[in-house]
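Asks: Would you be able to build a 3D model of this:
(chains A and B)
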Amino acid sequence: AQSVTQPDIHITVSEGASLELRCNYSYGATPYLFWYVQSPGQGLQLLLKYFSGDTLVQGIKGFEAEFKRSQSSFNLRKPSVHWSDAAEYFCAVGVWETSGSRLTFGEGTQLTVNP
Amino acid sequence: ETGVTQTPRHLVMGMTNKKSLKCEQHLGHNAMYWYKQSAKKPLELMFVYSLEERVENNSVPSRFSPECPNSSHLFLHLHTLQPEDSALYLCASSREVGYEQYFGPGTRLTVT
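Replies: Okay, here's the model as predicted:
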């Protein structure tokens, strides 16, 4: 079965600094990969997705992520963080199997942005 | 309205009450999902519906009863809940099962 690990439970960065959130997955083949963001009291919003093709994907709000097959990683990056980016970020892995398909979420990384 | 909507946004109920959560998607999707999000726990998938047919039920207690009358609406009927059922309940939809999911804002449920 697939699994997703977000090693950092909580990250603090200063406004204007660069950001990288880590995501590692475990699955025998190439999965579909997603990053979602959740603001307090809200649902999850899709930031970006990777299905195939170019391994560097661009998302909304200035985020990008890079799929690295050799490292089983799909890290999320942003060159300059804004205070409004403070939220919880979830990486998710989608796989297709003969029994159906499934989306598995990581435990999330809470991002705090200091002024 | 656009996207995925959920009502109510907040619900407080006693353990003997019966209530229902409603989800509606305006995206023309064929799959809908219920998730439970508790503090300090990963998102838990509860139910999956594809074209109004339940395709997955992840060992959810029978006090949670889903209903999908059509591809745009999904309900979660609640009865005799326990305090540990207090959580944020999220609804999501996708074009088909396995594609990216779009989430509603959630219903914050408190069981007293």
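
Asks: Quick one: the strands in chain A, in order.
Replies: Counting by DSSP state E, residue ranges of the strands within chain A are A:3-5, A:10-14, A:19-21, A:24-26, A:32-38, A:44-50, A:56-58, A:64-68, A:73-78, A:87-97, A:100-105, A:109-114.

Asks: Please apply the same query to chain B.
Replies: Counting by DSSP E, one finds strands in chain B at the ranges B:4-7, B:10-13, B:18-25, B:31-37, B:44-50, B:53-57, B:64-70, B:73-79, B:87-94, B:102-103, B:107-111.

Asks: Would you mind getting the angle between the fourth one and strand B:107-111?
Replies: Using axes from the mean of the first three to the mean of the last three C-alpha atoms, to 10 degrees, one finds that strand B:31-37 and strand B:107-111 are set 50 degrees apart in direction.

Asks: Show residues contacting strand B:31-37.
Replies: Contact with strand B:31-37 is made by B:23, B:25, B:43-51, B:66, B:68, B:71, B:74, B:76, B:87-97, B:99, B:101, B:106, as judged by C-beta atoms under 8 Å, 6 or more residues apart in numbering or on different chains. Placement of C-beta: from N, CA and C, glycine included.

Asks: May I have the residues that are in contact with residue A:10?
Replies: Counting by C-beta under 8 Å, 6+ apart, residue A:10 makes contact with A:109, A:110, A:112.

Asks: which ones are touching the second one?
Replies: In this case it means residue A:110. With C-beta under 8 Å, 6+ apart, residue A:110 has these contacts: A:9, A:10, A:11, A:88.

Asks: who wins for most neighbours among those residues?
Replies: Ranked by the number of neighbours (other C-beta atoms under 10 Å in any protein chain shown), these place residue A:88 first, at 17 neighbours.

Asks: What residues are bridge-paired with that residue?
Replies: Under DSSP bridges, the beta-bridge partners of residue A:88 are residue A:38, residue A:110.

Asks: That one and residue A:11, how far apart?
Replies: Applying C-beta to C-beta, to the nearest Å, the value for residue A:88 to residue A:11 is 11 Å.

Asks: Need the residues touching each of the two.
Replies: With C-beta under 8 Å, 6+ apart as the test, residue A:88 and residue A:11 both reach A:109, A:110, A:111.

Asks: now those as a markdown table including pLDDT and distance to residue B:29?
Replies: What follows is the shared contacts of residue A:88 and residue A:11, written out as a markdown table (pLDDT from 0 to 100; distance: C-beta to C-beta, whole Å):
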| residue | pLDDT | distance to residue B:29 |
| --- | --- | --- |
| A:109 | 97 | 28 |
| A:110 | 96 | 29 |
| A:111 | 97 | 29 |
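
Asks: Now list the buried members of the contacts of strand B:31-37.
Replies: Among those, the ones that count as buried by 16 or more other C-beta atoms under 10 Å in any protein chain shown are B:23, B:25, B:43, B:45-50, B:66, B:68, B:71, B:74, B:76, B:87-94, B:97, B:99, B:101, B:106.
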